[in-house]
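# For reference, the sequence and a predicted model appear below.
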Amino acid sequence: MSVSPKLISVAGNIGAGKTTLTRQLAKHYNWEPHFEALDDNPYISDFYDDMHRWSFNMQIYFLNTRFNSILEILSGNTSVIQDRSIYEDANIFAPNLHGMGLMSTRDFNTYKSLFESLKSMIKPPDLMIYMRASIPTLVNQIQKRGRQYEDSIRLDYLKRLNERYEAWVSNYKDGALLIIDVDDLDFENKPEDFGLVINKVEAELNGLF
């Protein structure tokens with residue numbers, strides 16, 4: 001009996017380790033990985049320099065690229081693991097920018113309306129993996145990878161995002177959800193820690209495949 005392809009999304013704040021976990025799980029399960037193309041984003045450097053000016057442009061760019069990526073994934077016949085989801089943009093990043101006064105209400109309402117239109121044309125992930133990390137862990141990871149455009153990220157920005165992530169996952173009802181606390185894990189360098197993550201993922205996948 002053939003098994004229908006699945007979509008797994010890895011969610012989490014900036015620096016939580018999404019790309020690393022996506023890469024490792026893709027290799028382990030032979031899933032096709034889809035990564036967030038930050039280096040190709042024409043707005044990201046300007047955004048971190050002047051969030052108020054570029055917030056709407058940035059979020060529309062993400063919305064468009066992620067929507068097209070999902071359409072591509074859903075039209076394929078292989079299981080895919082995705083580094084960050086379109087739902088995070090709409091439920092966390094855009095509302096956070098609006099709440100901080102960095103996106104006008106007019107722009108935010110336009111964004112929300114567009115998202116709802118696009119959302120009706122796609123299905124949510126079969127499994128959402130949320131990587132929960134404290135601010136010190138996020139800051140350490142961001143500094144370690146040394147992306148120049150991330151140098152100006154403020155601590156209060158990361159803190160607000162974490163608060164919105166926690167509120168979002170506490171009410172997440174779109175599908176299966178797995179929460180991984182990453183503060184005390186080094187799944188990139190410690191096989192035993194990656195083994196713990198695999199055990200948690202396996203428990204969720206047993207009901208999917």
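Yes, it's here. In this text, all values refer to a predicted model and were calculated from it rather than measured experimentally. Numbers count the residues shown, from 1 in each chain.

# now the helices: where do they sit in this protein?
All helices of the chain, identified by DSSP state H, fall at 18-29, 44-49, 51-74, 86-88, 94-99, 105-119, 135-145, 155-170, 191-205.

# Go through the second one and flag the buried ones.
Meaning helix 44-49. I44, F47, Y48 (16 or more other C-beta atoms under 10 Å). Heads up, the C-betas are built off the backbone N, CA and C, glycines and all.

# Kindly export that helix (C-alpha atoms) in PDB.
Output in PDB follows, covering the C-alpha atoms of helix 44-49 (Å, rounded to 0.1, in the frame of the first residue of the first chain):
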ATOM      1  CA  ILE A  44      16.400  41.400   5.100                       C
ATOM      2  CA  SER A  45      19.400  43.700   5.700                       C
ATOM      3  CA  ASP A  46      17.300  46.900   5.200                       C
ATOM      4  CA  PHE A  47      14.600  45.400   7.500                       C
ATOM      5  CA  TYR A  48      17.000  44.900  10.400                       C
ATOM      6  CA  ASP A  49      18.400  48.400   9.900                       C
END
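
# How far away from the center of its chain is it?
19 Å (C-alpha atoms, centre = their mean, to the nearest Å).

# packing partners for that helix?
For helix 44-49, the packing partners by 3 or more C-beta pairs under 8 Å, 6 or more residues apart in numbering; DSSP states H and E come out as helix 51-74.

# pLDDT averaged over the helix it packs on, what's the number?
Throughout helix 51-74, pLDDT has a mean value of 92.

# same deal with stretch 190-208?
Averaging pLDDT along stretch 190-208 gives 90.

# export that stretch as CSV, just CAs?
Taking Å, rounded to 0.1, in the frame of the first residue of the first chain, the C-alpha atoms of stretch 190-208 are listed here in CSV:
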residue,chain,number,x,y,z
LYS,A,190,25.7,14.8,20.5
PRO,A,191,24.2,11.7,18.9
GLU,A,192,22.5,10.8,22.1
ASP,A,193,20.7,14.2,22.1
PHE,A,194,19.6,13.7,18.5
GLY,A,195,18.5,10.2,19.5
LEU,A,196,16.2,11.8,22.1
VAL,A,197,14.7,14.1,19.4
ILE,A,198,14.2,11.1,17.1
ASN,A,199,12.3,9.2,19.8
LYS,A,200,9.9,12.2,20.2
VAL,A,201,9.5,12.5,16.5
GLU,A,202,8.9,8.8,16.1
ALA,A,203,6.1,8.9,18.6
GLU,A,204,4.3,11.5,16.5
LEU,A,205,5.0,9.9,13.2
ASN,A,206,3.5,6.6,14.2
GLY,A,207,0.1,8.2,13.9
LEU,A,208,0.9,9.8,10.5
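
# buried residues in stretch 193-209?
Going by neighbour count (16+ other C-beta under 10 Å), the buried part of stretch 193-209 is F194, V197, I198, V201, E204, L205.

# tell me the most buried of the helices of the chain?
Among the helices of the chain, the stretch with the highest mean neighbour count (mean count of other C-beta atoms under 10 Å) is helix 86-88, at a mean of 22.
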